[in-house]
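In: Next one to model:
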Amino acid sequence: MTNDPDPMTETAERQGADRHDLFSIADLAREFQISTRTIRFYESKGLLQPDRVGATRVFRRRDRARLILILRGKRLGFSLRDISEYLSLYDADRSRTAQVQLLLDKVDQRLDQLESQKQDLETTISELGEIRALAAQRLHAEAP
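Out: A predicted model of the protein is given here:
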């Protein structure tokens, strides 16, 4: 997961440069091949916090980086609660120790879950193979 610079500690010069790094909701939707509705959903859950210019959402690089983490977390099978908890630690712990420990714990849990699912799939595939073989054998035996 990425480590985007914290905007609270950026210098005024850096903040001025960031004005050139603005994204509309359509820009992000197009870039990540997701719907604007998906982005609005993540916003409603507090995962993204765009600025507003009138009724228009204006996303900054930080929002874009958070969206990358959200989408990656979802792709890896983490819940929105897990992702939210991880993202909330970014501002809460400057050393990132708690964030990295949480990540390690969640990754270990997810790996355990996937290993269990993998074993279940292997068992199911084996059983289906046996059933298929028996069914094919029966059809062959009954053929004229």
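
In: Excluding chain neighbours, what is closest to the residue nearest to the spatial centre of the chain?
Out: Geometric centre of the chain, nearest residue: residue 73, 2.4 Å, by CA atoms, centre = their mean. Once flanking residues are discounted, residue 73 sits nearest to residue 83: 4.2 Å by CB to CB, 6 or more residues apart in numbering. (Glycine included, C-beta is placed from N, CA and C.)

In: burial of that neighbour, as a residue count?
Out: 23 (other CB atoms under 10 Å).

In: quick one: it and residue 90, what's the gap?
Out: 11 Å (CB to CB, to the nearest Å).

In: circling back to that earlier point, what helix or strand is the residue nearest to the centre of the chain located in?
Out: helix 61-75 (DSSP states H and E).

In: surely residue 73 meets residue 81?
Out: No - the criterion here is CB atoms under 8 Å, and residue 73 misses it with residue 81 at 10.6 Å.

In: Strands along the chain, start to end?
Out: Under the criterion DSSP state E, the chain carries strands at the ranges 51-53, 56-58.

In: TSV for those, including distance to residue 142, mean neighbour count and mean pLDDT?
Out: Output for those, formatted as TSV (distance: least, CB to CB, whole Å; neighbours: other CB atoms under 10 Å; pLDDT from 0 to 100):
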stretch	distance to residue 142	mean neighbour count	mean pLDDT
strand 51-53	72	9	90
strand 56-58	66	15	90
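
In: So for residue 117, which of those sits nearest?
Out: Nearest to residue 117 among the strands of the chain is strand 56-58; the distance by CB to CB comes to 37.2 Å.

In: what helices or strands is that closest one leaning on?
Out: strand 51-53 (3 or more CB pairs under 8 Å, 6 or more residues apart in numbering; DSSP states H and E).

In: hang on, the earlier thing: I'd like the distance between the residue nearest to the centre of the chain and residue 41.
Out: For residue 73, the distance to residue 41 - CB to CB - is 14 Å.
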